[in-house]
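Colleague: Pasting a predicted model and its sequence here:
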Amino acid sequence: MHADQRYIKGLVNNDSEVIREIYRKYYGRIQQLVTSNSGNVEDARDVFQEVLVVLFHKGHEGFTLTCPFSYFLYIACRSRWINELKKRGRRRVTITDIDGLNNDSLLTSEWRQLYKQEKQKQLFHREFRKLGPSCQELLGLSWTENPDTSKYNSLYEVAQITGRTYGYVRRKIAECRNRLMQLVQESCDFNDL
Amino acid sequence: MTEGRYEQFEAYLRGTLNERQEKDLEQALLDPEVKAAFNTYRSVRQVIGQRWQRQADTDAFIRSLQEQNQQYLSPKSSPKRYLSVRRMVLLAACVLLVLGISFVGVRKQQYGDQQLIKHYVTAYQTGAERGSQGLNQYHQALMAYQNEQWAAAADAFANVPATDENYAGAQLFAGYAYLYDGAYSAAKKALQNALQYGTGIQQQNAEWHMVLAEVPATPAGQLPPTLVTILADEDHAFYDQGKALARDLTSIWR
């Protein structure tokens, strides 16, 4: 584990000091990277934030840093920005790197793997958010492990938590589950994963 | 996929199927389509469960990032930063000071001894320009002079024997070369010879350059003795130049 794992830990814990430090130390070079390669400040902000959100989630899932955080962050933002440029219709994308920093195929590959997983999760979550609040609550509670028992909440427990009848919860959950799976499979991005 | 199949997947993942039901499902999972649907369902369920659990944390995290965005990053249309009046005055004063120092430096350099001497050297238009006659026979000395190799030129001219008919002209040129080279004592000696053995305009020219050779040793605010002599003679060929030099020597920029 690299000493810079503290940054990942800071993101996971939403540590404002660490987040501030990350912005102070590393945002500048990402802005330089993006603005030197057909992007603007807004693009740089979006890329930076998106990568940090991915790292936040990955950190929760036990992601371990094996290189300096600054380097990984640069490679991640670089890769993300290349994808964005391609999405915007650039057939050939050539990136001008910042002095002393450039592409690293291994790290890029590691990041792409992470990002692919995250993209899939984002898709699931995006479709989930299309459901009504009641569906979200019931499915969320039903698929969440109870921290005390380390078991999934039973339908009885969900009914108890939400103050609804067992019958309603059972029927509604089945309905919401089918709807969600239908949304996921009909999603344009699903087949690209 | 049918509603019942998802129900079956859910029960399997919760571990609530009995042995027979489990075997039935495992049999069904041999079908790639069912297997793919099961994998997707399991992933969706896992992601939603995890994200639901930390939804509040995620929202708080994104809020933190947005706060940093506002605090550390330039806004969409960054407001122009205007300098305060005090800073502008200070900046202008600094610029003026730098310009002033540069100007004084340049002027001081222009009024330095060596610059003045170079400016006022007025080579006697004879020997060197006479083509095949006169000093042209001292080809090496002239070449060195023309190539501004002052020390070599001065030595070559100074070595012209006193018996040579162009001795006075050679001494004069030796004087010019010594002046350019900054060898003022040697220049005085050569110019003294030119003054002694030269004729008419050669002597006045030698006298004028003697003035220049005297400049470095003249105390500030005073005029070289030979210049005082020239300024006393309005008919001197270098009278006007002498007046100009006197002004420069007493200039505040020196």
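Modeller: Great, that's in hand.

Colleague: In chain A, which helix is the longest?
Modeller: helix A:105-128 (DSSP state H).

Colleague: Next secondary structure element downstream of the helix or strand of chain A with the lowest mean pLDDT?
Modeller: Of all helical and strand segments in chain A, the minimum by mean pLDDT, DSSP states H and E falls on strand A:145-146, at a mean of 79. Remark: after strand A:145-146, the chain's next helix or strand is strand A:151-152, criterion DSSP states H and E.

Colleague: Pairing partners for the least confident helix or strand of chain A, with directions?
Modeller: strand A:151-152 (antiparallel) (DSSP bridges).

Colleague: Output the below-cut-off pLDDT ranges for the chain.
Modeller: I went with chain A, as the question did not name one. For chain A, the stretches with pLDDT under 70 are A:90-93, A:97-104, A:188-193.

Colleague: Chain B, not that one
Modeller: B:72-84, B:124-138, B:254.

Colleague: switch the cut-off to 50
Modeller: Scanning chain B for pLDDT under 50 picks out B:76-80, B:128-134.

Colleague: Show me how chain A divides into domains.
Modeller: A:5-118, A:129-192 (automatic domain parsing).

Colleague: Could I get the ones you listed in a markdown table, plus columns for distance to B:W208?
Modeller: Just so you know, the C-beta spots here come from the backbone N, C-alpha and C atoms, and that holds for glycine as well. A markdown table is the format used below for the domains of chain A (distance: least, Cβ to Cβ, whole Å):
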| stretch | distance to B:W208 |
| --- | --- |
| domain A:5-118 | 61 |
| domain A:129-192 | 94 |
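
Colleague: And those: which comes nearest B:L91?
Modeller: domain A:5-118 (26.0 Å; Cβ to Cβ).

Colleague: right, is the closest one up against chain B?
Modeller: Yes. Contact of domain A:5-118 with chain B (Cβ under 8 Å from any Cβ of the partner chain) involves A:11, A:14, A:16, A:19-20, A:23-24, A:27, A:31, A:41-42, A:45, A:49, A:52-53, A:56-57, A:60-61.

Colleague: And that domain, how far out from the chain middle?
Modeller: 12 Å (Cα atoms, centre = their mean, to the nearest Å).

Colleague: okay, now B:P32: neighbour count?
Modeller: 8 (other Cβ atoms under 10 Å in any protein chain shown).

Colleague: Quick check: buried residues in stretch A:32-50?
Modeller: The neighbour-count check on stretch A:32-50 (16 or more other Cβ atoms under 10 Å in any protein chain shown) flags A:33-34, A:37, A:39, A:43-50 as buried.

Colleague: Please put the alpha-carbon coordinates of it into CSV.
Modeller: Taking Å, rounded to 0.1, in the frame of the first residue of the first chain, the C-alpha atoms of stretch A:32-50 are listed here in CSV:
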residue,chain,number,x,y,z
GLN,A,32,-3.7,22.8,-17.4
LEU,A,33,-4.0,19.4,-19.0
VAL,A,34,-7.6,19.9,-20.1
THR,A,35,-7.3,23.5,-21.2
SER,A,36,-4.2,22.7,-23.2
ASN,A,37,-6.1,19.9,-25.0
SER,A,38,-9.3,21.5,-26.4
GLY,A,39,-11.1,21.9,-23.1
ASN,A,40,-12.1,24.8,-20.9
VAL,A,41,-12.1,25.4,-17.1
GLU,A,42,-15.6,23.9,-16.8
ASP,A,43,-14.5,20.7,-18.5
ALA,A,44,-11.5,20.5,-16.1
ARG,A,45,-13.7,20.9,-13.1
ASP,A,46,-16.1,18.2,-14.3
VAL,A,47,-13.3,15.8,-15.1
PHE,A,48,-11.6,16.4,-11.8
GLN,A,49,-14.8,16.0,-9.8
GLU,A,50,-15.9,12.9,-11.6
